[in-house]
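Undergrad: test case, fold it:
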Amino acid sequence: MKTLFQLSLVTAVRQKSVFIVLLLLIVGPFVFQQMTNYVADPSVLAPARVQATWQLAWLAGSLWLAYQAANLGGEHVRNKLGEYFLSRGEGRSSQMLALTLSVGVFGVLIALISVLMSAFVVTAGVGEGEAYSHWVVLSVQHAVLMLLVVLPVAQLAIALASRFGALVGYTGSVFLYILGFYMVLAVEKLVIAKDTFYFDLLYVVLPHFYLADLTHRFIHQQGAMTNGEFFAVFEYLAGWGILISAVSYFIFTPKKK
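TA: Numbering: from 1, shown residues only. The predicted structure is shown next:
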């Protein structure tokens, strides 16, 4: 498994897009701050930078990471690496784990950079003290919840790509994001407007990934979630993560069928 993990990691790094993404995460918040009226109102500068940081993190963690995962899963089968490692005694489970970990490294790196950027921005904006610690705790909470979403979906992209190709792997994972961030909110409006059993059922079974996006708490300076709030969302998203990982395991194939 170690050899496959290292090979997958090197393959992803050689594509060089990872360096562009990481550079954008670092530079982007200072570029997008120009879209605010921070000169007239300096108090909006820190929230604007943090908002840009996490919006870029979500774009990278969802769209780019899913692309990397789908490309990796498709190449793994197309280049017959799966068959090769099967011949060396690496089973489906270990191959799936190695591919997931190689993509997960970038997911964790995105989350870590976002937390560090948030801490830096807030230090410059509000200084040390209770407000600073509140924002840093919120950044850590945000990073944990984001990883609970993007890593299982990346695993699903790997699995779908291994069986159906990279295009299906990527579009399938993006469709799941659309369901969890936008479709579920549209269904919520339908439930409020017309409360029926079918709308209620659809609302319940759809993933509520939007719960992991805490960007609004930075914008409105609401501070960190309470332990009760955080663990309630954590348990819900972890449950979905386990379900998606289980489905991914059954879909994944190391060789062409």
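Undergrad: remind me which helix or strand residue 66 belongs to.
TA: helix 65-78 (DSSP states H and E).
Undergrad: now the element after that helix, going C-ward?
TA: helix 81-87.
Undergrad: alpha carbons only: can I get that next one in CSV?
TA: Taking Å, rounded to 0.1, in the frame of the first residue of the first chain, the C-alpha atoms of helix 81-87 are listed here in CSV:
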residue,chain,number,x,y,z
LEU,A,81,-1.8,-0.3,-12.2
GLY,A,82,-4.6,-2.0,-10.3
GLU,A,83,-4.0,-5.3,-12.0
TYR,A,84,-0.3,-5.0,-11.3
PHE,A,85,-0.8,-4.3,-7.6
LEU,A,86,-3.3,-7.2,-7.4
SER,A,87,-0.6,-9.5,-8.7
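Undergrad: buried residues in the helix holding residue 66?
TA: By neighbour count with 16 or more other C-beta atoms under 10 Å, helix 65-78 contains the buried residues 65-74, 76-77. Yep, even glycine has a C-beta here, placed from its N, CA and C like the rest.
Undergrad: what does stretch 222-237 give?
TA: Going by neighbour count (16+ other C-beta under 10 Å), the buried part of stretch 222-237 is 224-225, 230, 233-234, 236-237.
Undergrad: likewise stretch 13-22?
TA: By neighbour count on 16+ other C-beta under 10 Å, the buried set for stretch 13-22 is 18, 21.
Undergrad: give me the most central residue, this structure.
TA: residue 150 (2.8 Å; C-alpha atoms, centre = their mean).
Undergrad: check contacts around that one.
TA: Applying C-beta atoms under 8 Å, 6 or more residues apart in numbering, we find residue 150 in contact with 61-62, 65-66, 107.
Undergrad: helices of the stretch 151-257 of the chain, start to end?
TA: Ranges of helices within the stretch 151-257 of the chain are 166-178, 184-193, 197-205, 215-219, 227-251, based on DSSP state H, counting those that start in this stretch.
Undergrad: now the angle between helix 197-205 and the second one, please.
TA: Read it as helix 184-193. Interaxial angle, helix 184-193 versus helix 197-205 (axes from the mean of the first three to the mean of the last three C-alpha atoms, to 10 degrees): 140 degrees.
Undergrad: okay if I get the helices of the stretch 151-257 of the chain as JSON lines plus distance to residue 137?
TA: Shown next, in JSON lines, are those (distance: least, C-beta to C-beta, whole Å):
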{"stretch": "helix 166-178", "distance to residue 137": "26"}
{"stretch": "helix 184-193", "distance to residue 137": "26"}
{"stretch": "helix 197-205", "distance to residue 137": "30"}
{"stretch": "helix 215-219", "distance to residue 137": "11"}
{"stretch": "helix 227-251", "distance to residue 137": "9"}
